[in-house]
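Engineer: Mind folding the following:
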Amino acid sequence: MAAKRAKRKAREAKEGLYRRLVLEAAERVFARKGYDDARIGEVAEESGISLQTLYSVFPGKAAIYHAIHESGDEELHRRALESSQEIADPMAAMLAGLRATTLYFLEHPDFLRMRLHGGFAWGAEEITASSLGRTEARRAALEMLRIACQRCIDEGLFVDRDPGLMARMMIAMQQVELAHWLEGDLQRDPEEVSLDIEEQVKRAFRLPARSAENDAVAP
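Structural biologist: All right, here's what the predicted structure looks like:
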């Protein structure tokens, strides 16, 4: 029995290593070429394992692509939650979560390139995108942002608009700013990029009468 458990653990550890190698390599390949032009053989070559070994852990390209998005989106959601949960002020909490996701993208430019290669507006993706690359974690993060927008509306901090639409518009602002950062060869300071997005959000949705007060609260 002990020998069987040891063999199972060794097999699982090896599969975990192969999975990590494939995902890291595939992220680079998808970032360079996009989903349609990427080839599974390129992923195997980039990862340094055989095509047969790759297929032993993933059934195909779509599964790899989805796994990368799933892992990234779960980390994005986790960072947004952790950065905002201890902040009482609703607008400061919302901006902290937005900053956390922005910085994650800036720290992982290949994942950002993959997301941008989809060719659709982030804020409208539920309508325009296929199911490829869409994850529950991403939907949960968008819902969390919608709730944050509603809290800001309820507190009289934001204009009274549909909070779901407001959340999607914020995501669209983030996408444009991050795409601009990539087009500039990653030269702008990440903190500057993040602050620019926050300022765009405040200019677009904050009630003018509360601007001075909120400037003293929101970082």
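Engineer: what's the first-to-last distance across stretch 158-167?
Structural biologist: The first and final residues of stretch 158-167 sit 12 Å from each other (C-alpha to C-alpha, to the nearest Å).
Engineer: Look at residue 26 and say how many residues are nearby.
Structural biologist: By the measure other C-beta atoms under 10 Å, the count of residues near residue 26 is 26. In short, each C-beta sits where N, CA and C put it, glycine included.
Engineer: can you pull the contacts of it?
Structural biologist: Contacts for residue 26 (C-beta atoms under 8 Å, 6 or more residues apart in numbering) come out as 38, 43, 46, 47, 64, 65, 68.
Engineer: Buried ones in the helix or strand containing the third one, by neighbour count?
Structural biologist: Element membership for residue 46, per DSSP states H and E: helix 40-47. Residues of helix 40-47 classed as buried by neighbour count (16 or more other C-beta atoms under 10 Å): 40, 42, 43, 44, 46, 47.
Engineer: Residue 27 is in contact with the last one, correct?
Structural biologist: Read that as residue 47. No: applying C-beta atoms under 8 Å, one finds residue 47 not in contact with residue 27, separated by 10.5 Å.
Engineer: Quick check: neighbours shared by those two?
Structural biologist: With contacts defined as C-beta under 8 Å, 6+ apart, no residue is shared by residue 47 and residue 27.
Engineer: The nearest residue to residue 140 once chain neighbours are set aside: how many residues sit nearby?
Structural biologist: Spatial nearest neighbour of residue 140, chain neighbours left out: residue 77 (5.7 Å); criterion: C-beta to C-beta, 6 or more residues apart in numbering. Under the neighbour criterion other C-beta under 10 Å, residue 77 is assigned a count of 22.
Engineer: what residues are up against the nearest residue to residue 53 once chain neighbours are set aside?
Structural biologist: The shortest distance from residue 53 to any residue that is not its chain neighbour, by C-beta to C-beta, 6+ apart, is 5.9 Å, and that residue is residue 18. Taking C-beta under 8 Å, 6+ apart, we find residue 18 in contact with 49, 53, 54, 56, 57.
Engineer: Just the pLDDT at the second one, thanks.
Structural biologist: Right, the one you point to is residue 53. According to the per-residue confidence, residue 53 scores 95 in pLDDT.
Engineer: Just to be sure, it is in a strand?
Structural biologist: No: assessed with DSSP: H, G, I helix; E, B strand; the rest coil, residue 53 is helix; it does not lie in a strand.
Engineer: Use 496 as the first number for this chain going forward.
Structural biologist: All set: I'll call the first residue 496, so the last point we hit is now residue 548.
Engineer: how far away is it from residue 642?
Structural biologist: Distance of residue 548 to residue 642, computed by C-beta to C-beta, to the nearest Å: 43 Å.
Engineer: How about residue 651?
Structural biologist: 17 Å.
Engineer: Over to residue 635?
Structural biologist: Looking at residue 635 against residue 642, where the rule is C-beta to C-beta, the gap reads 11 Å.
Engineer: do the same with residue 517
Structural biologist: Distance of residue 517 to residue 642, computed by C-beta to C-beta: 35 Å.
Engineer: Residue ranges in the chain under the pLDDT threshold?
Structural biologist: Under the criterion pLDDT under 70, the flagged ranges of the chain are 498-505, 507, 613-616, 619-629, 704-714.
Engineer: Break it down into its domains, please.
Structural biologist: 496-553, 564-704 (automatic domain parsing).
Engineer: Longest helix in this protein, by number of residues?
Structural biologist: Of all the elements of type helix in the chain, the one with the most residues (DSSP state H) is helix 497-532.
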